[in-house]
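Peer 1: Sharing a model that was predicted from the sequence below.
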Amino acid sequence: MEREVSIGAVCTARYGTVRMVPAGKAEGAAARTMAAASGTKKAASGAKATSGAKATSGAKADGTHRVSSWNEMYDCCNIRMTGLYTASEWTTGGSRVAAASTGATQQFNREPWNAGWSLVSARSDTDCSADCAVSRTEAHADFGYRGIFDPTGSWYANTHHSYVDLAADGTASCRFDVEARHTFAGWNWRHGCA
């Protein structure tokens, strides 16, 4: 599932509809990042938006399941500025999560003159990875910007939060949050899991 949230001309949130997307979109994004290693809106300064989605990994029977998530901010020119991604795999048996792993990766846009977005910090924590009713992971990434639109590096910053719950019945649920220190007309938030 995916939902687009864009920033309007007066810096207010415009929420798109939640829609189903092919699992390949999320799996492709997760594969690229792994290879490299409805909500509320506040004012333009310190903008924050949250959202949630549910996904199923296909069968709800005992076995191995996979889900990937994406949590991205794009500018008005459709350039991805910052992104936080997760890829999860878990096995279920006997009404339990037998084993679970979730990896988190980040991507960001650089400008050609050694400027643009950069990763300030990132962390990921999983509460239980074996013999659980539910395995919960939260991933966080802080990004800063210094470049053509802000040479001081003090105006723009995005913080992404992704929460993934892997259940013993083979289903997964995802929640997302993004905080932007400042925004600009046309910025939009894309997130989902499949």
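Peer 2: That came through fine. Residues are numbered from 1 along each chain as shown.

Peer 1: hang on, Ser162 packs against Asn71?
Peer 2: Yes: at 4.9 Å, Ser162 counts as touching Asn71 under the criterion of C-beta atoms under 8 Å. Glycine gets a C-beta too; all of them are placed from N, C-alpha and C.

Peer 1: Check the gap between Glu138 and Ser129 for me.
Peer 2: Counting by C-beta to C-beta, to the nearest Å, the gap from Glu138 to Ser129 is 14 Å.

Peer 1: Those two: which is more packed in?
Peer 2: Glu138 (19 against 15; other C-beta atoms under 10 Å).

Peer 1: Show me what the more buried one is bridged to.
Peer 2: Asp125, Tyr163 (DSSP bridges).

Peer 1: Just list the residues touching it, thanks.
Peer 2: By C-beta atoms under 8 Å, 6 or more residues apart in numbering, the contact set of Glu138 is 124-125, 161-164.

Peer 1: centroid residue for the protein?
Peer 2: Asn71 (2.3 Å; C-alpha atoms, centre = their mean).

Peer 1: that's a strand at that one, yeah?
Peer 2: Yes: membership of Asn71 in a strand is supported by DSSP: H, G, I helix; E, B strand; the rest coil.

Peer 1: show me the contacts for it.
Peer 2: 83-85, 160-162, 176, 178, 191.

Peer 1: Let me have those residues in JSON lines, extended by neighbour count and secondary structure.
Peer 2: Shown next, in JSON lines, are the contacts of Asn71 (neighbours: other C-beta atoms under 10 Å; DSSP: H, G, I helix; E, B strand; the rest coil):
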{"residue": "Gly83", "neighbour count": "24", "secondary structure": "strand"}
{"residue": "Leu84", "neighbour count": "31", "secondary structure": "strand"}
{"residue": "Tyr85", "neighbour count": "26", "secondary structure": "strand"}
{"residue": "His160", "neighbour count": "27", "secondary structure": "strand"}
{"residue": "His161", "neighbour count": "17", "secondary structure": "strand"}
{"residue": "Ser162", "neighbour count": "25", "secondary structure": "strand"}
{"residue": "Phe176", "neighbour count": "27", "secondary structure": "strand"}
{"residue": "Val178", "neighbour count": "25", "secondary structure": "strand"}
{"residue": "His191", "neighbour count": "29", "secondary structure": "strand"}
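
Peer 1: Right, I'll call it a day here.
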